[in-house]
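>>> Predicted model and sequence below, questions to follow.
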Amino acid sequence: MGDTREESGGQTPAGISRRDLFRSGMAGAVGLAAGAGALAGSRPRDNAPILSGAGGAHDPELAGTQGDVSPDGFDATAFLKNFDFGSVTTLPSGQIQREYEITAVDREIEVAPGVHFAAWTYNGTVPGPTIRCTEGDRLKVNFTNAGSHPHTIHFHGVHEAGMDGVFEVVVPGESFVYEFDAAPMGFHLYHCHALPLKRHIHKGLYGAFIVDPPEGRPEANELMMLMNGFDTNYDGDNEVYAVNSVAFHYQRHPIEIEQGELVRVYLGNMTEFDLLNSFHLHGNFFRLYRTGTDLERYEWTDTVMLCQGERAVLEFTYDYPGQYMFHAHQSEFAELGWMGIFDVKPKTLV
Ligand SMILES: [Cu+2]
């Protein structure tokens, strides 16, 4: 489907899609080729043009690939570790209650330098806040729809039908309170379930929902990564791919981790239109805990493929310092923005 359009788009400038523009800027210039260069130490400094050659810095075909997104917008680096534990109270029964305020608002977001997307958001960001609690906690989520369309919040997990966020559609200006006990432990999602579903999700109404096991997980450097994409010209196909919304953000701003430390990535797939997305880690293998619901059994691999809505918990440790790429193993997605770098710092001796 997409292949036909891509090929014809290259020959008819009037009908060229942003995806074609974005791709032509990427092809051969960054993507996997420049990644190899990055590992060799030739990665451009932060804020320097990521691409070189391929027409020069002012070539309009490089739209979306030069410079950086506005610092006034979403901070994808901060989002990695921004876990929202809610406002905590203890109920008379002794049960912990965590209360959250979530408001749906329409907001334009910047998904690549100069590439904007008219999003529908929870609390103004895509993804929405990462809701985190412990199995057995009472969750109370006060949802207000301040957007322009009917929305809901559908939480994954075990709960009553009336709290499923499907049939109780919240129209603009109205509110709804979701209340349920958090279960089971694992890495879940929440997202709008109003119709048409793929449009409401694709517009940005989704977020991560972590239910920690009562005994916790081993101490680690924890990072949230939701794989997503954006159809910036509404042709039913994504033009931009990323983890946490901003194309190439973690290539421009590598994620610093320490040699020898345990890193835990909560990896979810919220990509619409494409059935599958994937994560490949360079120079290492990881323990893969599917849906994060089992603390013991895992798979030992360097690549995981997730369908729409699937999640996994990945744990790994780097033995050697240096820069290592992580990216979608669909090279097409990597070239369109789903690409990042772990910057492994030498272990500091105390
Ligand atoms: Cu919606």
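The structure has been received and is ready for your questions.
>>> what about the residue nearest to Ile96 when sequence neighbours are not counted, distance to the ion?
Once flanking residues are discounted, Ile96 sits nearest to Asp137: 4.7 Å by Cβ to Cβ, 6 or more residues apart in numbering. For the C-beta atoms, the positions are set from N, CA and C on the backbone; glycine is no exception. According to Cβ to the ion, to the nearest Å, Asp137 and the ion sit 26 Å apart.
>>> so how far is Pro71 from Ser153?
Not quite, residue 153 is Ile, not Ser. 29 Å (Cβ to Cβ, to the nearest Å).
>>> neighbour count winner among those two?
Ile153 (28 against 7; other Cβ atoms under 10 Å).
>>> ok, Pro321 - contacts?
With contact taken as Cβ atoms under 8 Å, 6 or more residues apart in numbering, Pro321 is in contact with 259, 344-347.
>>> switch to 10 Å and redo it
For Pro321, the contact set (Cβ atoms under 10 Å, 6 or more residues apart in numbering) comprises 257-260, 343-347.
>>> residue in the stretch 251-350 of the chain nearest to the ion?
Glu272 (12.8 Å; Cβ to the ion).
>>> Near that residue, how many other residues are there?
Neighbour count for Glu272, taken as other Cβ under 10 Å: 21.
>>> With adjacent residues omitted, what lies nearest to it?
Glu272 sits nearest to His202 (Cβ to Cβ, 6+ apart), 3.9 Å away.
>>> how far away is the one you found from the ion?
10 Å.
>>> And Gly207, by the same measure?
Counting by Cβ to the ion, the gap from Gly207 to the ion is 13 Å.
>>> Show me the beta-bridge partners of that residue.
For Gly207, the beta-bridge partners are Tyr190 (DSSP bridges).
>>> Tell me the residues on the stretch 201-350 of the chain that lie near the ion, please.
Neighbours of the ion within the stretch 201-350 of the chain, by Cβ under 5 Å from the ion: Leu205.
>>> Can you name the residue of the stretch 201-350 of the chain nearest the ion?
Leu205 (4.9 Å).
>>> Check that residue and give its pLDDT.
pLDDT, Leu205: 98.
>>> Could you tell me how many residues sit around it?
28.
>>> Check Pro214 too.
10.
>>> correct me, but it touches Glu135?
Yes. Between Pro214 and Glu135 there is a contact under Cβ atoms under 10 Å: 5.5 Å.
>>> anything in contact with each of the two?
Met185.
>>> give me the element the residue nearest to the spatial centre of the chain is part of.
For the chain, Leu226 is the residue whose C-alpha lies nearest the centre (Cα atoms, centre = their mean; 2.3 Å). Assigning secondary structure by DSSP states H and E places Leu226 in strand 221-230.
>>> Close to the ion: what parts of the stretch 51-200 of the chain are there?
151, 192, 194, 200.
>>> That'll do, ta.
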